[in-house]
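>>> Could you work out the structure for the sequence below:
(one chain, ligands or ions: 1)
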Amino acid sequence: MLRYISTRGQAPRLGFADTTLAGLASDGGLYVPEACPKIEPGEIGNMANQNYLEIAWRVMLPFVSEDLSSEDLLRLLKASYKNFDTKDIAPLKELEDNLHVLELFHGPTLAFKDVALQFLGNVFDHFLKIRKEKVTIVGATSGDTGSAAIEAFRGKPNVNIFIFHPHKRVSDVQRRQMTTVQDSNVFNVAIDGSFDDCQDLVKAMFNDAKFRAEMKLSAINSINWARILAQTVYYIYAGAKLHDKTGKDVTFCVPTGNFGNVYAGYVAQSMGLPVERLLVATNRNDILHRFFVSGKMKTEGVVPTISPSMDIQISSNFERLLFDMFGRMPKAVAQTMEHFRKDGPFKMDDKVMEGVRKLFASGRMDDAQTSEVIKRTWQKYGYLVDPHTAVGLGVAQAYLAENPKSTVISLATAHPAKFPDAVKRASGVDPQLPERLADLHKRPEKYEVMANDLAKVQDFVRSGVKHAG
Ligand SMILES: *Cc1c(COP(=O)(O)O)cnc(C)c1O
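Okay, here's the model as predicted:
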């Protein structure tokens with residue numbers, strides 16, 4: 001049976017259910033499968049004609065091992081994708097013969113995080129019911145994750161969810177997507193402070209062992225293995241289709257922050273999907289781009305950009321790739337991460353980087369270039385993209401200019417109406433929210449504004465859990 005091991009080697013090996021509910025490993029590492037299940041080329045060929053749910057079921061089944069029956073997995077998948085507003089879940093749009101866009105924003109909150117979090121919500125619910133357990137989810141958000149998590153866990157009887165966002169520092173659409181959810185198990189708190197303050201409060205709650213146990217705190221951040229797994233599916237879905245049509249290995253271009261999404265592409269490739277390259281696309285916060293060019297990992301200060309969900313310094317999922325770069329030696333990972341945290345930069349061996357660059361390449365776009373891509377894409381194709389998607393498209397086009405024989409699928413990670421100001425400024429077009437969200441600005445909001453004060457916040461969580469039951 002498939003087991004999961006920690007990248008740092010000091011945590012227990014776990015099955016799928018325990019890995020999902022644990023999130024982070026107890027030694028501070030990340031869980032990865034002990035061995036990656038494979039899919040034969042012939043079977044991938046057949047997938048060109050299968051629908052999203054069929055492929056999701058086939059891709060995920062070997063990873064969930066004995067913890068989910070085949071029927072349960074299918075039931076959870078159906079429940080997870082029933083609220084998407086297109087039948088094919090992840091439509092593939094052609095801009096040019098060799099440039100395609102994979103639209104991942106058709107879920108409830110208009111960003112690709114729904115693809116993983118809708119599934120995670122249902123999986124949590126399933127395992128908690130079986131175990132007769134209740135948990136309290138606490139999370140900090142700079143915008144997209146909060147609303148996707150709330151939509152995933154609203155109304156789930158075994159979960160209370162508290163999401164902290166920085167007061168007046170998220171967009172109107174982002175705030176309203178969180179605060180207009182009326183379910184009694186959902187709590188929104190606007191903290192007088194920055195996103196980092198919110199994140200520090202959440203960390204402090206987890207570090208308070210007594211509070212953590214009392215509230216049965218749980219985390220659902222992007223390092224959760226079940227989220228990665230759910231994202232692996234759309235690479236195989238889109239890759240199989242295009243491979244069948246063109247006969248060529250596909251390159252994926254991925255707008256990247258925490259390295260979760262592009263790592264899922266790496267898993268798809270490891271399972272047997274024919275992939276030419278994985279392009280890591282960053283905004284000005286380009287630590288990953290610099291790494292793939294130089295082999296050196298070095299942080300610099302975060303600068304705010306028009307693609308805020310990628311304004312990240314340290315990409316938490318990168319450790320999973322590092323584990324493979326070190327030949328799966330947990331000791332080397334633990335030492336490197338410890339050094340990185342305490343002393344700063346590290347550099348990978350040139351030989352190792354040579355191997356890494358056979359699969360990974362990278363690029364970066366500043367805000368002016370990103371706006372230019374939004375404008376150009378609208379003028380040339382009549383296709384409106386959000387700033388995150390534009391970062392990807394810009395990097396994809398630069399790659400195609402140098403590799404004209406390649407075929408690229410660029411991932412569209414958010415709906416343009418989620419970032420209306422930047423889109424309008426660049427293109428002159430006011431992106432419209434989909435019908436089902438058209439009245440978002442009229443719905444009543446429910447949230448607390450609180451000072452950046454740990455004791456007060458903990459009291460709020462305690463009393464919220466008590467009242468919600
Ligand atoms: C979270 C997010 C990203 C970055 O995804 P990672 O998995 O963190 O690399 C990109 N675009 C949008 C719109 C996002 O919400």
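>>> what about T232, neighbour count?
24 (other Cβ atoms under 10 Å). All C-beta spots, glycine's among them, are computed from the backbone N, C-alpha and C.
>>> ok, now which ones touch it?
Applying Cβ atoms under 8 Å, 6 or more residues apart in numbering, one finds that T232 lies in contact with V59, M60, A264, G265, V267, A268, M271.
>>> Nearest to T251, out of those: which one, please.
Distance to T251 across the contacts of T232 (Cβ to Cβ) is lowest for G265, with 10.1 Å.
>>> Provide a list of residues in contact with that closest one.
T232, Y235, F252, V254, V275, L278 are the contacts of G265 under Cβ under 8 Å, 6+ apart.
>>> export the contacts of T232 to TSV and tack on secondary structure?
Converted to TSV, the contacts of T232 look like this (DSSP: H, G, I helix; E, B strand; the rest coil):
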residue	secondary structure
V59	helix
M60	helix
A264	helix
G265	helix
V267	helix
A268	helix
M271	helix
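>>> Mind telling me the two of the residues you listed farthest from one another?
Farthest-apart pair in the contacts of T232 is M60 and G265; separation 15.6 Å (Cβ to Cβ).
>>> Can you give me the neighbour number for the closest residue to the ligand within the stretch 1-150 of the chain?
Nearest residue of the stretch 1-150 of the chain to the ligand, counting by Cβ to the nearest ligand atom: D144, 3.5 Å away. Residues lying near D144 (other Cβ under 10 Å) number 25.
>>> What sits closest to it if chain neighbours are left out?
Nearest non-adjacent residue to D144, counting by Cβ to Cβ, 6 or more residues apart in numbering: A111, 4.5 Å away.
>>> any bit of the longest helix along the chain sitting next to the ligand?
Secondary structure of the chain per DSSP state H: the longest helix is helix 225-246. No: judged by Cβ under 6 Å from any ligand atom, helix 225-246 and the ligand are separated, with a smallest distance of 7.8 Å.
>>> Could you please name the strands the following helix or strand past that helix pairs with and the direction of each pair?
Next along the chain after helix 225-246, taking DSSP states H and E as the criterion, comes strand 250-255. When pairing is defined by DSSP bridges, strand 250-255 lines up against strand 275-282 (parallel), strand 408-412 (parallel).
>>> Report the angle between the first one and helix 225-246.
Same thing as strand 275-282. Interaxial angle of strand 275-282 relative to helix 225-246 (axes from the mean of the first three to the mean of the last three Cα atoms, to 10 degrees): 130 degrees.
>>> ok but N46 is inside a helix, no?
Yes: assignment of N46 by three-state DSSP places it within a helix.
>>> quick one: it from K78, how far?
21 Å (Cβ to Cβ, to the nearest Å).
>>> hang on, the earlier thing: I'd like the contacts of G265 laid out as TSV, including pLDDT.
Shown next, in TSV, are these (pLDDT from 0 to 100):
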residue	pLDDT
T232	98
Y235	98
F252	98
V254	98
V275	98
L278	98
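>>> What is the nearest of these to H467?
For these, the nearest to H467 is T232 (38.8 Å; Cβ to Cβ).
>>> Distance of that closest one relative to G260?
Look at T232 and G260: by Cβ to Cβ, they are 11 Å apart.
>>> hmm, the helix or strand encompassing F292 in reach of the ligand?
Assessed by DSSP H and E, F292 sits inside helix 287-294. No: with Cβ under 6 Å from any ligand atom as the criterion, the ligand is not reached by helix 287-294; the gap is at least 8.9 Å.
>>> Dump that helix to PDB, restricted to CA.
Output in PDB follows, covering the C-alpha atoms of helix 287-294 (Å, rounded to 0.1, in the frame of the first residue of the first chain):
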ATOM      1  CA  ILE A 287      13.300  34.100  -6.300                       C
ATOM      2  CA  LEU A 288      12.300  30.900  -8.200                       C
ATOM      3  CA  HIS A 289      13.300  32.300 -11.600                       C
ATOM      4  CA  ARG A 290      16.600  33.400 -10.200                       C
ATOM      5  CA  PHE A 291      17.000  29.900  -8.800                       C
ATOM      6  CA  PHE A 292      16.400  28.000 -12.000                       C
ATOM      7  CA  VAL A 293      18.800  30.400 -13.800                       C
ATOM      8  CA  SER A 294      21.700  30.400 -11.300                       C
END
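>>> Without its sequence neighbours, what residue ends up closest to L24?
Nearest one to L24, counting by Cβ to Cβ, 6+ apart, is I223 at 6.1 Å.
>>> just to revisit the earlier point, in the helix holding F292, what counts as buried?
Neighbour counts using 16 or more other Cβ atoms under 10 Å place I287, L288, H289, R290, F291, F292 of helix 287-294 among the buried residues.
>>> for the ligand, what are the nearby residues on the stretch 201-350 of the chain?
S222, P255, T256, G257, N258, F259, G260, N261, S309, M310.
>>> Can you list the buried residues in stretch 445-455?
Residues of stretch 445-455 classed as buried by neighbour count (16+ other Cβ under 10 Å): Y447, M450, N452.
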